[in-house]
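Q: Sharing a sequence plus its predicted fold:
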Amino acid sequence: MTHTQPSAAASTELVRRHAVQGATLMTILHAIQDEIGYVPDTAIAPLAQALSLSRAEVHGVITYYHHFRSAPPARVTVQLCRAEACRSMGTEALKEHIEGRTGCRFDSGHAEDTELESVFCLGQCALSPALMINGELHARVSPAKFDRLYAAAQTKVAEVTA
Ligand code: FES
């Protein structure tokens, strides 16, 4: 999915706000991602300059840590538990259903407005299969229940951004 990056000037300002004295690259990256949801490519040069690092070093850290995103997050994120207890209760069949319903694939970035992520145990083993949609936990999720939850999440996002 393509997205618009902040301008070089906007990213320089973003970095300037967070590159306070004593801040490390990691703390600045976290602060930027907390603020705008990802670390734009246009922030790499000002980060390198602020910390006297090479652009390659900054880029290397961003890509090394799975936590950091280089693009805005999807509007609907589904995190499906694929650990033991959930597997025994049909998570893999649910995974197939979710991919078919959303048109996206697990763990391969996001397409359109949805991202699918595998996670391993959400602490709901007795109520499996479990998943989270935009940070909200749901247990004993059947395909039909997923369809309702997903439609509700899409509607909620549409209302918030309308
Ligand atoms: S194994 Fe899925 S919630 Fe624990």
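A: Okay, I see it. Since the model is a prediction, treat every value here as computed from it, not as a measurement.
Q: CA only for contacts and neighbour counts going forward, please
A: Will do.
Q: Residue 129 reaches residue 137, doesn't it?
A: No. Under the contact definition of CA atoms under 8 Å, residue 129 does not touch residue 137, with a separation of 11.0 Å.
Q: If I follow the layout properly, residue 111 ends up in contact with residue 104?
A: Yes. If you go by CA under 8 Å, residue 111 and residue 104 touch, sitting 6.2 Å apart.
Q: Compare the two and say which is more crowded by neighbours.
A: residue 104 (18 against 15; other CA atoms under 10 Å).
Q: Pull out the buried positions in the host helix or strand of residue 35.
A: Using DSSP states H and E, residue 35 maps to helix 25-36. Within helix 25-36, the residues that qualify as buried are 25, 28-33, counting by 16 or more other CA atoms under 10 Å.
Q: and the spatially most central residue of the chain, how far is that from residue 87?
A: Centroid-nearest residue in the chain: residue 73, 4.9 Å away (criterion: CA atoms, centre = their mean). With distances taken as CA to CA, to the nearest Å, residue 73 is found 27 Å from residue 87.
Q: Ok, residue 94 next?
A: When distance is defined by CA to CA, residue 94 is 10 Å away from residue 87.
Q: Between those two, which has more neighbouring residues?
A: When neighbours are counted by other CA under 10 Å, residue 94 comes out ahead of the other of residue 94 and residue 87, with 20 against 17.
Q: returning to what we had before: compare neighbour counts for residue 129 and residue 137 and give me the winner.
A: Under the criterion of other CA under 10 Å, the comparison of residue 129 against residue 137 puts residue 129 first, with 27 against 14.
Q: Find me the pLDDT at the more buried one, would you?
A: As predicted, residue 129 sits at a pLDDT of 97.
Q: where does it land in three-state SS?
A: Classification of residue 129 by DSSP: H, G, I helix; E, B strand; the rest coil places it in coil.
Q: Quick one: residues contacting the closest residue to it other than its chain neighbours.
A: For residue 129, the nearest residue in space outside its immediate sequence neighbours is residue 86; the separation is 4.6 Å by CA to CA, 6 or more residues apart in numbering. Contacts for residue 86 were tallied using CA atoms under 8 Å, 6 or more residues apart in numbering; they are 125, 128-130.
Q: what kind of secondary structure is residue 117 in?
A: Local secondary structure at residue 117 is given as strand here, using three-state DSSP.
Q: so it sits right up against residue 98, yeah?
A: No. Between residue 117 and residue 98 no contact is recorded; they are 11.1 Å apart, counting by CA under 8 Å.
Q: These two: which has the busier surroundings?
A: Set residue 117 next to residue 98 and count neighbours by other CA under 10 Å: residue 98 wins out with 21 against 18.
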